[in-house]
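**Student:** Here is my input, please return the structure:
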Amino acid sequence: MFKVVIIEDEKIAADNLTRMIGEIDPSFEVVARVESVSAAVKILPTTKFDLGFMDIHLTDGSAFEILEKIELSQPIIFTTAYDQYVLKAFKYLSIDYLLKPIGKKELAASIQKFQNYFSPYSENKINLTALQSLLKKENNFKERFLVQLGKKLRSIAVSQILFFHSSNKVTFLNTEDGKSYPIDASLSQLEKELNPNQFFRINRQYIISRTAINHIYMVSPTKMKVILKSNPDLDLFTSIDRMGKFKNWMR
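**Tutor:** Below is the predicted model:
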């Protein structure tokens with residue numbers, strides 16, 4: 001008997017998925033159904049299960065937020081109506097990515113993949129923990145910056161940084177306490193070193209943190225204005241070529 005959890009905010013979709021799983025293989029039992037990021041973060045760590053189905057867009061955020069807050073050792077199958085998150089999904093060790101509306105044939109193939117590689121009875125069993133460790137090393141994003149102000153040095157955690165900006169060919173790091181420090185790196189370099197789930201280059205001069213955003217306004221069909229929590233008077237606009245990507249990043 002395999003235990004399954006479903007993270008899905010649409011009851012009809014969750015009902016259909018539960019029904020099809022039971023029809024495909026009665027040895028799979030749905031032991032929990034969760035509708036939000038906040039509920040999943042509370043429930044999943046204390047729930048014993050073998051396989052998870054996650055809708056990417058939930059009522060209070062993204063399924064990726066769940067995987068950033070808790071560390072799961074179980075394989076995940078993502079379910080979504082959008083196809084632009086495929087690469088991001090597989091960074092979290094998704095074993096499959098099903099587009100809605102989910103067909104029974106596609107679901108059966110995903111379940112078979114789980115049985116082939118992740119069942120304790122499989123001869124082809126994958127060591128998921130070892131694979132997670134390997135991918136984490138490959139996605140080793142910068143966690144701290146060492147900055148200098150006069151003779152003093154300060155080590156700043158990425159979680160304390162609200163945004164980076166470039167002015168007169170100098171890049172500055174801006175912290176949540178309102179301080180700004182020059183750093184020896186270009187915005188292009190920083191794009192490669194920062195976690196793309198946390199930071200986004202909104203235009204040629206700014207890279208902002210997701211946590212720094214207070215409000216977003218549509219100024220025109222091709223321009224958005226972003227209001228930062230710490231700098232509400234800053235005129236910060238998306239460039240035309242980045243607006244679509246920014247909308248997807250914010251989902």
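**Student:** for the helix or strand where Leu190 lies, which positions count as buried?
**Tutor:** Using DSSP states H and E, Leu190 sits in helix 187-193. Under the neighbour-count criterion of 16 or more other C-beta atoms under 10 Å, helix 187-193 has 187, 190 buried. C-beta coordinates here come from the backbone N, C-alpha and C atoms, glycine included.
**Student:** Repeat that for stretch 150-167.
**Tutor:** 156, 158, 160-166.
**Student:** Equivalent analysis for stretch 200-210, please.
**Tutor:** 200-203, 206-209.
**Student:** Spit out the contact partners of the residue of the chain most remote from its centre.
**Tutor:** Farthest-out residue of the chain from its mean C-alpha position, per C-alpha atoms, centre = their mean: Lys151, at 38.3 Å. Residues near Lys151 by C-beta atoms under 8 Å, 6 or more residues apart in numbering: none.
**Student:** Can you name the element that comes right after the helix or strand of the chain with the lowest mean pLDDT?
**Tutor:** Of all helical and strand segments in the chain, the minimum by mean pLDDT, DSSP states H and E falls on helix 128-138, at a mean of 49. Later in the chain than helix 128-138, the nearest helix or strand by DSSP H and E is strand 144-149.
**Student:** so what secondary structure elements neighbour the host helix or strand of Thr79?
**Tutor:** Element membership of Thr79, judged by DSSP H and E, is strand 76-80. If you count contacts as 3 or more C-beta pairs under 8 Å, 6 or more residues apart in numbering; DSSP states H and E, strand 76-80 packs onto strand 51-55, strand 94-99.
**Student:** Okay, angle between that strand and strand 51-55 too, please.
**Tutor:** Angle, strand 76-80 to strand 51-55, by axes from the mean of the first three to the mean of the last three C-alpha atoms, to 10 degrees: 20 degrees.
**Student:** what's strand 76-80 in contact with?
**Tutor:** So strand 76-80 is contacted by 8, 13, 17, 51-57, 63, 67, 85, 89, 92-100, 102, 110, 114 (C-beta under 8 Å, 6+ apart).
**Student:** Rounded mean pLDDT for that strand, please.
**Tutor:** If you average the pLDDT over strand 76-80, you get 91.
**Student:** give me the number of residues near Val219?
**Tutor:** For Val219, the number of neighbouring residues by other C-beta atoms under 10 Å comes to 10.
**Student:** you'd agree it is up against Lys225?
**Tutor:** Yes - with contact defined as C-beta atoms under 8 Å, Val219 reaches Lys225; the gap is 5.1 Å.
**Student:** Quick check: neighbours shared by those two?
**Tutor:** Common neighbours of Val219 and Lys225 (C-beta under 8 Å, 6+ apart) are Phe237.
**Student:** Any idea how far apart the tips of stretch 232-247 sit?
**Tutor:** Terminal residues of stretch 232-247 are spaced 20 Å apart (C-alpha to C-alpha, to the nearest Å).
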